[in-house]
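A.B. asks: Make a model of this:
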Amino acid sequence: MKTVLGYLAGAAIGIVLFQLARVLFLGGSLPFLPFQPEAATPASVERTLMATPASVYLTVLRDRSPQEYDVLLDGLAAAVRTGGSESEVMTASAELSAAIRRDNAVHLWRAPQASVARLVGAQRDILAALADDPPACALVVMDGPLALGPDGIEQVADVVAEAAAAVFEALYDGRDAAGPGIAPPADADFASTIDQWRAAGATPAEVDLVLTPDVGDPGLCAAFIALLGFLAGSSDPAVQRVRTEIMFQSLSI
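C.D. replies: Okay, here's the model as predicted:
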């Protein structure tokens, strides 16, 4: 099971927190902004972004962590004001969101398992949105959604925004929770998770694809959808420890 941890972590971080501007500036260029770049302010950037799919994610930041929300808006407005290229603004937004995510990742260990389950389920929803295009879905599993290119990302922007919201809801739920939280998984937990997935109906082919992913196999997407669905739905303590570790690793990158 540990073999798949890296793939799931990489996929999860790519799915939820890929360069934020691909959601924020959907459409691919800055000139659509209803103000001159040099006049950008946090308020004007906020008004624009709240009319995009990113509003779902930004609302969580605004309501749960106003200080971090202000830092994000200030940084984005500054990046736009400098007249930077789309790539430069995207890089700035990625760095800002990554810093917020890394600063809060440790809180996941104290998050209610219902929040972690929703987070894992949101990853499954991204892949499920691509289930009719197994090659594209396989690329996302292996490399994250940037592998889809701008047009492909646009097709799943709403689902990505919901998944980004689920990330920060879980992190802030953990930040605000009382108690020690869940412990990291032991080695036996990984083996138990695979055994329980098999018992729940995973086929030998699905297990093999998860443990040794093959981007050229048309069943790769379905296998990971099945695994994430199992992880999200389990109430077993060992599986819960494993799913929390997978998400923690992805959010700590």
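A.B. asks: and S93, what element?
C.D. replies: Under the criterion of DSSP states H and E, S93 resides in helix 86-104.
A.B. asks: Which other helices and strands does that helix contact?
C.D. replies: helix 2-17, helix 21-24, helix 66-81, helix 157-175, helix 237-251 (3 or more Cβ pairs under 8 Å, 6 or more residues apart in numbering; DSSP states H and E). Just so you know, the C-beta spots here come from the backbone N, C-alpha and C atoms, and that holds for glycine as well.
A.B. asks: Go again with 6 Å.
C.D. replies: Applying 3 or more Cβ pairs under 6 Å, 6 or more residues apart in numbering; DSSP states H and E, we find helix 86-104 packed against helix 21-24, helix 66-81.
A.B. asks: so W197 is in which element?
C.D. replies: helix 187-199.
A.B. asks: sorry, back to before: could you list the buried residues of the helix holding S93?
C.D. replies: Judged by neighbour count (16 or more other Cβ atoms under 10 Å), helix 86-104 contains these buried residues: 89-90, 92-94, 96-98, 100-101, 104.
A.B. asks: Give me the distance from it to the chain's centre.
C.D. replies: Centre-to-centre, helix 86-104 and its host chain are 13 Å apart (Cα atoms, centre = their mean, to the nearest Å).
A.B. asks: before we move on, what about stretch 187-205?
C.D. replies: 24 Å.
A.B. asks: Between helix 66-81 and the helix holding S93, find me the angle.
C.D. replies: Relative orientation of helix 86-104 versus helix 66-81 (axes from the mean of the first three to the mean of the last three Cα atoms, to 10 degrees): 160 degrees.
A.B. asks: Go ahead and produce CSV holding the CA coordinates of helix 86-104.
C.D. replies: Coordinates of the C-alpha atoms in helix 86-104 are reproduced here as CSV (Å, rounded to 0.1, in the frame of the first residue of the first chain):
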residue,chain,number,x,y,z
GLU,A,86,-0.1,35.4,-16.9
SER,A,87,2.7,32.9,-16.0
GLU,A,88,4.1,35.2,-13.4
VAL,A,89,0.7,35.9,-11.8
MET,A,90,0.0,32.1,-11.8
THR,A,91,3.4,31.5,-10.1
ALA,A,92,2.6,34.1,-7.5
SER,A,93,-0.8,32.7,-6.8
ALA,A,94,0.6,29.2,-6.6
GLU,A,95,3.2,30.3,-4.0
LEU,A,96,0.6,32.1,-1.9
SER,A,97,-1.9,29.3,-1.8
ALA,A,98,0.9,26.7,-1.2
ALA,A,99,2.2,28.6,1.8
ILE,A,100,-1.3,28.7,3.3
ARG,A,101,-1.8,25.1,2.7
ARG,A,102,1.6,24.0,4.1
ASP,A,103,1.1,26.2,7.2
ASN,A,104,-2.1,24.5,7.9
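A.B. asks: tilt between that helix and helix 157-175?
C.D. replies: Here the directions of helix 86-104 and helix 157-175 differ by 30 degrees (the same axes, to 10 degrees).
A.B. asks: Start at 15, not 1
C.D. replies: Understood, numbering begins at 15; the last thing we discussed is helix 100-118.
A.B. asks: Just the CA trace of the helix or strand just after helix 100-118, in CSV.
C.D. replies: On the C-terminal side of helix 100-118, the closest following helix or strand by DSSP H and E is helix 127-143. Output of helix 127-143 as CSV, limited to C-alpha atoms (Å, rounded to 0.1, in the frame of the first residue of the first chain):
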residue,chain,number,x,y,z
GLN,A,127,-12.8,12.1,10.2
ALA,A,128,-16.0,13.2,8.5
SER,A,129,-14.0,16.2,7.1
VAL,A,130,-11.2,14.0,6.0
ALA,A,131,-13.7,11.7,4.3
ARG,A,132,-15.2,14.6,2.4
LEU,A,133,-11.7,15.7,1.3
VAL,A,134,-10.9,12.2,0.0
GLY,A,135,-14.3,12.1,-1.7
ALA,A,136,-13.6,15.3,-3.4
GLN,A,137,-10.5,13.8,-5.0
ARG,A,138,-12.7,10.9,-6.2
ASP,A,139,-15.2,13.4,-7.7
ILE,A,140,-12.4,15.0,-9.8
LEU,A,141,-11.5,11.6,-11.3
ALA,A,142,-15.2,10.7,-11.7
ALA,A,143,-15.7,13.8,-13.8
